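Novice: This is a predicted model, with the sequence first.
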Amino acid sequence: MPHDPASVRIVADDRENAAGVIAALRALAGIEVEVRRLEVGDYLVDGRFAVERKTLPDFAQSLIDGRLFTQAAKLAKGSARGVIVLEGTAGDLAASRMSRESLQGALVTLSVFQGLALLRARDAAETAQLLAYLARQAARVANDALPRPGYRPKRRRARQLFILQGLPGVGPERAVRLLDRFGSVERIAAATTDDLAQVYGIGETTAESIRWALGEPENGALRPAR
């Protein structure tokens, strides 16, 4: 079946078939679902987000038996951004006998210390809606790296901004300033630390990190585009 360029893709682990989320995803317009075995997570969204779905009872049980942090470590170390969806309501935890402090401690560890995004859903249908929303947002960001009212950059510029945001200390705003100042990724890669530090918001420390990540220019620095 040919890929619909207007749709977004979600890969679901085949062990999730009984959860109801896959069926709910297939009922949504504009979502392509592929079912296969995943090494990390239960869902791979847009190829960039590895999502582990946990019902609240399973969340509590996995905390007790030690599975939780093993799974979380795999998510955190993977190439895709790790996300955990906690599915259910407070009443679902009643039988777990886990203290509120233990559960809160686990959430702090997962989000603050392991850097995983935590999302909440009431049921399988809402989990599917969350995954679809994440996929659509990811597609928007990929096609328009820095959404701004009244302005939509061309695809080439969006890709340039995406590349620049992978440099240490460079977020969306700094990426725009760098590209506006130098005119191309090539010129940024060839710039000296001093040239980079002159860009507003970069500073010497970030400039040194960028220069270290890119390596020293071979043929001297190119001057910023005017």
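Specialist: It's in. Residues are numbered from 1 along each chain as shown.

Novice: right, and the helix or strand after the helix or strand of the chain with the lowest mean pLDDT?
Specialist: Ranked by mean pLDDT, DSSP states H and E, the weakest helix or strand in the chain is helix 155-164, scoring a mean of 79. With elements assigned by DSSP states H and E, the helix or strand that comes after helix 155-164 is helix 172-182.

Novice: List the buried residues for that next one?
Specialist: Judged by neighbour count (16 or more other CB atoms under 10 Å), helix 172-182 contains these buried residues: P172, R174, A175, V176, R177, L178, L179, R181, F182. The way it works is simple: take the backbone N, C-alpha and C, and place the C-beta from them, glycine included.

Novice: same thing with stretch 120-129?
Specialist: The neighbour-count check on stretch 120-129 (16+ other CB under 10 Å) flags A121, A124, A125, E126, T127, A128 as buried.

Novice: and if you look at stretch 40-57?
Specialist: By 16+ other CB under 10 Å, the buried positions in stretch 40-57 come out as 40-46, 49-57.

Novice: That stretch: end-to-end distance?
Specialist: Start-to-end span of stretch 40-57 (CA to CA, to the nearest Å) is 21 Å.

Novice: for stretch 180-198, same thing?
Specialist: 13 Å.

Novice: Report the beta-bridge partners for the residue nearest the centre of the chain.
Specialist: By CA atoms, centre = their mean, the mean C-alpha position of the chain lies nearest to R81, the distance being 4.1 Å. Applying DSSP bridges to R81 yields these beta-bridge partners: F49.

Novice: Check whether it really touches V51, as I assumed.
Specialist: No - with contact defined as CB atoms under 8 Å, R81 and V51 do not form a contacting pair (9.3 Å).

Novice: Please identify the buried residues of the strand or helix carrying R187?
Specialist: Assigned by DSSP H and E, R187 falls within helix 185-190. Residues of helix 185-190 classed as buried by neighbour count (16+ other CB under 10 Å): V185, R187, I188, A189, A190.

Novice: Helices along the protein, start to end?
Specialist: 21-26, 56-65, 67-77, 100-108, 124-143, 155-164, 172-182, 185-190, 193-197, 203-214 (DSSP state H).

Novice: How is this protein partitioned into domains?
Specialist: What automatic domain parsing lists as the domains of the chain is 8-143, 155-214.

Novice: on that earlier part again, buried residues of the least confident helix or strand of the chain, list them for me.
Specialist: For helix 155-164, the buried set under the neighbour-count rule, 16+ other CB under 10 Å, comprises A158, Q160, L161, I163, L164.
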